[in-house]
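Undergrad: Let's see this in three dimensions:
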Amino acid sequence: MKHWFDWLARRGIPPRSRLRERLHGYPSHDTPHAGPSFRWTDAQARENLSHLLAVREQRLAHLVTWLDAEGIDARPVLDGGEWKPVLEALHRWANDTWPAAHDPRIGSHGVWDRTSYRGDEVVYALTFDLALLIGEAVIRRDPRYRWDVNFDEVDGRDGMASYRRVVLCADDPDSPRGAPWTEDVEGLVVHRYLHPTWVSDRLLNSWAQLVQECLDRTADPR
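TA: Presented below is the predicted three-dimensional model:
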């Protein structure tokens, strides 16, 4: 890590500002409908899902290349390799860089809920892509999982942030209401950005934990 800081210093780039500078060139996520999500119709929520599925491979390819410059090779997540070392590296990277990269002007749940994923808020395009990568670690290892819209009316009545947003899903044969398992991966990554210094999040790798729990949940008990 010291050599990395020395490299930055020789180029006149303070280590604490480098990630913010790199985000200036990050591609926006041109979702058809910006939030707040509770205002979306079912049709608009499905259009957001369709757009995600259409651009998924393109955005993942860009993220993988972008992470190369951060010293992280994320390809094993997508190529069927070992996903755990990648998510451990992402966890350490977030611990090292996100506290300084956090922008209090836009670092709030309200801004994220309404974000257009561009301009000063392009960091949420990065968190969106990281959520895609984490979710794909599950989908590419268990085909029972998919990206889908959370239309659970109980979540809607409870004011859950994931309602009508795209979430990671798998059918739950034991659900009395027929509701699937859902994981709000984007919300999990955004939470980490909003609270980059929380000790519990810095100690516990919630991204790796989510992947492992999803894979364990549908594992064949035989």
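Undergrad: Pretty sure Asn205 sits against Ala89.
TA: No - checked against C-beta atoms under 8 Å, the pair Asn205 and Ala89 is beyond contact range at 10.3 Å. Just so you know, the C-beta spots here come from the backbone N, C-alpha and C atoms, and that holds for glycine as well.
Undergrad: The two: which has the busier surroundings?
TA: Asn205 (19 against 16; other C-beta atoms under 10 Å).
Undergrad: what's near enough to touch the more buried one?
TA: Asn205 is in contact with Leu87, Glu88, His91, counting by C-beta atoms under 8 Å, 6 or more residues apart in numbering.
Undergrad: Locate the residue nearest in space to the middle of the chain within the secondary structure: which element?
TA: Centroid check for the chain by C-alpha atoms, centre = their mean gives Ala131 as the closest residue, at 2.0 Å. Applying DSSP states H and E as the criterion places Ala131 in helix 123-139.
Undergrad: Could you pull up the mean pLDDT of that helix?
TA: Here helix 123-139 scores 98 as its mean pLDDT.
Undergrad: just how off-centre is that helix within its chain?
TA: On the basis of C-alpha atoms, centre = their mean, to the nearest Å, helix 123-139 is displaced by 3 Å from the centre of the chain it belongs to.
Undergrad: for it, packing partners?
TA: helix 42-68, helix 75-79, helix 84-101, strand 145-149, strand 166-170, helix 185-194, helix 206-217 (3 or more C-beta pairs under 8 Å, 6 or more residues apart in numbering; DSSP states H and E).
Undergrad: quick one: which of these is nearest Leu23?
TA: helix 84-101 (7.4 Å; C-beta to C-beta).
Undergrad: Please state the offset of that closest one from the chain centre?
TA: 13 Å.
Undergrad: CA atoms only: put it into CSV for me.
TA: What follows is helix 84-101, C-alpha atoms only, in CSV (Å, rounded to 0.1, in the frame of the first residue of the first chain):
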residue,chain,number,x,y,z
LYS,A,84,-14.5,-15.2,-2.7
PRO,A,85,-11.1,-13.6,-3.2
VAL,A,86,-12.6,-11.0,-5.5
LEU,A,87,-15.2,-10.0,-3.0
GLU,A,88,-12.6,-9.9,-0.3
ALA,A,89,-10.5,-7.6,-2.5
LEU,A,90,-13.5,-5.4,-3.1
HIS,A,91,-14.3,-5.2,0.6
ARG,A,92,-10.7,-4.1,1.4
TRP,A,93,-10.8,-1.6,-1.4
ALA,A,94,-14.0,-0.1,-0.1
ASN,A,95,-12.5,0.2,3.3
ASP,A,96,-9.4,1.9,1.9
THR,A,97,-11.0,4.3,-0.6
TRP,A,98,-14.7,5.0,0.1
PRO,A,99,-14.3,7.1,3.3
ALA,A,100,-12.4,9.7,1.3
ALA,A,101,-14.4,9.3,-1.8
